[in-house]
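J.: Dropping the sequence and predicted coords here.
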Amino acid sequence: MTALKDMKKTLRYKHMIARLSTLPPYKKEAQLKKEIVGGKQWRIDAAIEAINAKQEDWNYVNTTEVMKLAASFGRLQTLEKICDIMEWKPGARVAQGGVQAAFHVASLHGHYRTADAMAKRGAGPMYEAQGTPAAMYTAINDADFRKIDYLLKKGANKDYLVTLASTSEQYMAVTKYLVEEKQSGVNFASQGFWTPFLNAVKYGRDDLAMYLLEHGATPQFDKSAGEALYSAVGSGNVTMINTMLDIGFKVDMQTVHHAIFEGQVDAAKILLARGGVNINEGKQETLLLAIAAQKNAPQMVALALENGADAKAALAALKKDPDLYRYGNRAKMEKYLEDYLAPKAPKPPGVSL
């Protein structure tokens, strides 16, 4: 059997280098990308050597984009060659240049051997301040447990992945896998705020919210507690509102205002009955919001008054402060309050109710 010819010793290889060497850097980069997609290693090597012939040309080549493209095709030899040229050595504590990007693109496409090589040069599954890599999103959204396992082995934060899972299409399957198989925690707050429970409530996923509570979530103590309750109130999710109040969520007047303005009568009733709030707190905005609300306004006005809303103080505040609820129909609000506060004529004798 005839041995394969070493292409680097052929005239074709040398001529290709000579031809590409005359091109400006941006055209050399374009040719290199073309060869990476084409897939013949000797042509990729020739394009790299043509750039390397003038070392300064690398300053004009977007190495990150080149390496991402190479990683998407699993071009390990190409990536290693570029890393060596750029002196991005194995054993680095932190990845440089396109090494980090190449790691995530390789992981995304399932080229784990290629990703491993980038990991040896300092890359890994970074998150939070660096932005969430596509590999993590894809693994979660596709419920690709092999990819999830790979990222975990390379240092992904297993608790953070639960937060990601709560926003995905495969939220329950992946959350159960992470919590029950990988012993991930359920209280991780992305950016110090976005917890799995908050995401579950915002996406209307009561099943996930209850699962998280059953597995140790303590959202009532999180910075995002107010936002979670606010979201449930805005959607009129009375089941989740009651659940949150049962475990110690606190109610403030802003949340009550939100229920009234959105016309969520049942939510407002629960908050006023169980929240321990003073309906006349602040500038008497509650009654004004009730009058201005487009949904269930009569019910909301009655509800506010039944719970002690001070119509007289509300009218005084409205007349005094021109900016108070400036987007509402002020004349209509004033008329309503004045009519409500006007003395009622006594009923004629003998008239039954």
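T.: Received the coordinates, thanks. If you're wondering where the values come from, they're calculated on a predicted model, not measured in any experiment.
J.: Going by C-alpha atoms from here, please, whenever you check contacts or count neighbours.
T.: Fine.
J.: Count the neighbours of the nearest residue to Tyr230 once chain neighbours are set aside for me.
T.: In this structure, Tyr230 finds its nearest non-sequential neighbour in Thr255, 5.7 Å apart by CA to CA, 6 or more residues apart in numbering. Using other CA atoms under 10 Å, Thr255 has 22 neighbouring residues.
J.: Also the one 10 residues further on?
T.: Neighbours of Val265 under the rule other CA under 10 Å: 20.
J.: Any buried residues in the helix or strand where the residue nearest to Tyr230 lies, and which?
T.: Element membership for Thr255 (DSSP states H and E) is helix 253-261. Neighbour-count burial for helix 253-261 flags 253, 255-261 (criterion: 16 or more other CA atoms under 10 Å).
J.: could I get it in PDB with only the CA atoms?
T.: Extracted C-alpha coordinates of helix 253-261, given in PDB (Å, rounded to 0.1, in the frame of the first residue of the first chain):
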ATOM      1  CA  MET A 253     -49.000  48.900  49.200                       C
ATOM      2  CA  GLN A 254     -47.300  48.900  45.900                       C
ATOM      3  CA  THR A 255     -48.400  45.400  45.400                       C
ATOM      4  CA  VAL A 256     -51.900  46.300  46.500                       C
ATOM      5  CA  HIS A 257     -51.900  49.200  44.000                       C
ATOM      6  CA  HIS A 258     -50.800  46.800  41.300                       C
ATOM      7  CA  ALA A 259     -53.800  44.400  42.000                       C
ATOM      8  CA  ILE A 260     -56.200  47.300  41.900                       C
ATOM      9  CA  PHE A 261     -54.800  48.900  38.800                       C
END
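J.: helices or strands up against that helix?
T.: helix 225-234, helix 265-274, helix 285-292 (3 or more CA pairs under 8 Å, 6 or more residues apart in numbering; DSSP states H and E).
J.: tell me the average confidence for the second one?
T.: What that stands for is helix 265-274. With pLDDT averaged residue by residue, helix 265-274 scores 95.
J.: Run through who's touching it.
T.: 233, 236-238, 241-242, 245, 251, 256, 259-260, 279, 296, 299-300, 303, 307 (CA atoms under 8 Å, 6 or more residues apart in numbering).
J.: other SSEs contacting the host helix or strand of Lys81?
T.: For Lys81, the host element (DSSP H and E) is helix 76-85. Applying 3+ CA pairs under 8 Å, 6+ apart, we find helix 76-85 packed against helix 41-52, helix 63-72, helix 112-119.
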